[in-house]
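Undergrad: When you get a sec, could you give me coordinates for this:
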Amino acid sequence: MKMTLNHGSGHIDFEVIYSDRRTIAIIISPEGDVKVRVPYRTSPQVIMDLVDRKAEWIIRKLQQMELIKTRADKRDFLDDEPFPYLGRDHPLYIRIDARLSRAKAILEDGLFIIDTPAADTILLKNAMEAWYRDAALKYIRSRIDDYAPILNASPKRITIRQQKTRWGSCSSKGNLSFNWRIVMAPAKIMDYVIVHELCHLIRPDHSREFWSLVGSIIPDYKERRTWLKNNAAKLTWQP
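TA: Next up, the predicted model:
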């Protein structure tokens, strides 16, 4: 169901999606689409009132997304081009071998090396993304093994996804998902995101109690959250 909220001098168009859930969630896609997921039998007035209360937040998020798109780091995938991993840049080195069937990236002696059958940008991009995804999953699993016993909370499943506006999420079933790009950030920033999502297994909201729980593990979480907000563009590259 499509709805529109008139706010100030503009308006917010959004789609309402009814499902078997207990809470209302506002989700903004990378393309700028606003979706409101609500429990069955939620009245249109309740939905409109919530969107009206969150209007400033929605507008701010949409503006941030546009800024990220305009500042996204352009990559050419050329020799010596720097690519970040855990907050440190590593130069790229491309080795072409026509006998290969696909491109594969490795990190070796401080270099990102891609063995590829051709200097094709799409092949190189896909190889780097595959490496980042694998590295992100390994690091996140390792740190969850460290933090989960402290919080006495373990996810049922961990997945790595392609996301542009969210660094992590926690489902109602206890599954955690993470944006593969977060592995480009410093380790302390990754740890904040990991702890943030683990805490959602205990407190599925952003209440004072939730942030208190995060702070008990990451005392300087506000500084780390600010870093992530200010440096999001550095973690978003495109060919």
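
Undergrad: Just want the phi and psi numbers for the closest residue to Gly87 other than its chain neighbours.
TA: Distances taken as C-beta to C-beta, 6 or more residues apart in numbering place Pro186 nearest to Gly87, at 3.1 Å, with adjacent residues excluded. Placement of C-beta: from N, CA and C, glycine included. Main-chain torsions, Pro186, degrees, to the nearest 10: phi -60, psi 150.

Undergrad: Pro186: how many residues sit nearby?
TA: Here the number of neighbours of Pro186 (other C-beta atoms under 10 Å) works out to 16.

Undergrad: Same check on Asn230?
TA: Using other C-beta under 10 Å, the number of residues around Asn230 comes to 9.

Undergrad: mind checking how far it is from Val193?
TA: In this view, Asn230 and Val193 are 15 Å apart by C-beta to C-beta, to the nearest Å.

Undergrad: got the contact list for the closest residue to Pro91 other than its chain neighbours?
TA: Of all residues not flanking Pro91 in the chain, Asp80 sits nearest, at 4.9 Å (C-beta to C-beta, 6+ apart). Applying C-beta atoms under 8 Å, 6 or more residues apart in numbering to Asp80 gives the contacts 91-93.

Undergrad: Closest to Thr42 out of those residues?
TA: Using C-beta to C-beta, the shortest approach to Thr42 within those belongs to Leu92, at 49.8 Å.

Undergrad: Can you name the residues that contact the residue nearest the centre of the chain?
TA: In the chain, the centroid-proximal residue (C-alpha atoms, centre = their mean) is Trp167; its distance is 2.2 Å. Counting by C-beta under 8 Å, 6+ apart, Trp167 makes contact with 178-179, 181-182, 193, 228.

Undergrad: ok so, going back, specify the local secondary structure of the residue nearest to Pro91.
TA: Following DSSP: H, G, I helix; E, B strand; the rest coil, Asp80 is assigned to coil.
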